[in-house]
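Visitor: turn this into a structure:
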Amino acid sequence: MPKVTYITTDGIHHEVQVENGYSVMEGAINNNIEGIVAECGGACACATCHSYIDEAWLDKLPPMDDMEDSMLDAAYERRPNSRLTCQIEMRPGLDGLIVHVAENEA
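Guide: So this is what the prediction gives:
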């Protein structure tokens, strides 16, 4: 099972296994990662699973679609490496993915 390292806003690293086919957001929710709120449950409708993908991993992800791009416009502190974790599906090639959790709670 692939591993994901979530780095929360307080700098704590959480290395967890996320089953192939699950989203990076589901992996965070299933492992109680602080800061991934996921108010919409993964429907790409709220941007509360916003995170910054480690630069080394950006080219390994599928490109974002127009809906994700539009939702990220509503995210706090959007950056070039911003993604919605509900839109990233885990697969073997993402083993070791590093995700920096954004400020998603007011």
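Visitor: just the pLDDT for the residue nearest in space to the middle of the chain.
Guide: Residue closest to the average C-alpha location in the chain (CA atoms, centre = their mean): Thr85, at 2.8 Å. You'll see Thr85 listed with a pLDDT of 98.
Visitor: which residues touch it?
Guide: Listed by CB atoms under 8 Å, 6 or more residues apart in numbering, the contact partners of Thr85 are Ser23, Val24, Met25, Ala28, Ile36, Cys49, His50, Ser51, Val99. For every residue, glycine as well, the C-beta is placed using N, CA and C.
Visitor: most neighbours of all these, which one?
Guide: Neighbour counts for the contacts of Thr85, by other CB atoms under 10 Å, peak at Cys49, which reaches 32 neighbours.
Visitor: who's in contact with that one?
Guide: Neighbouring residues of Cys49 by CB under 8 Å, 6+ apart: Met25, Ala28, Ile36, Val37, Ala38, Gly42, Leu84, Thr85, Cys86, Asn104.
Visitor: now for the residues you listed, which pair is the farthest apart?
Guide: Greatest spacing in the contacts of Cys49, by CB to CB: Gly42 and Asn104 (13.8 Å).
Visitor: those two: who's more crowded?
Guide: Using other CB under 10 Å as the criterion, Gly42 and Asn104 rank with Asn104 on top: 21 against 18.
Visitor: could you double-check that that one lies in contact with Gly35?
Guide: Yes - if you go by CB atoms under 8 Å, Asn104 and Gly35 touch, sitting 5.6 Å apart.
Visitor: is Glu34 in a helix, a strand, or coil?
Guide: Of the three states, Glu34 takes coil under DSSP: H, G, I helix; E, B strand; the rest coil.
Visitor: spatially nearest residue to it, not counting backbone neighbours?
Guide: Excluding its sequence neighbours, the residue lying closest to Glu34 (CB to CB, 6 or more residues apart in numbering) is Thr8, at 5.1 Å.
Visitor: what about that neighbour, how many residues nearby?
Guide: Number of residues near Thr8 (other CB under 10 Å) recorded here: 16.
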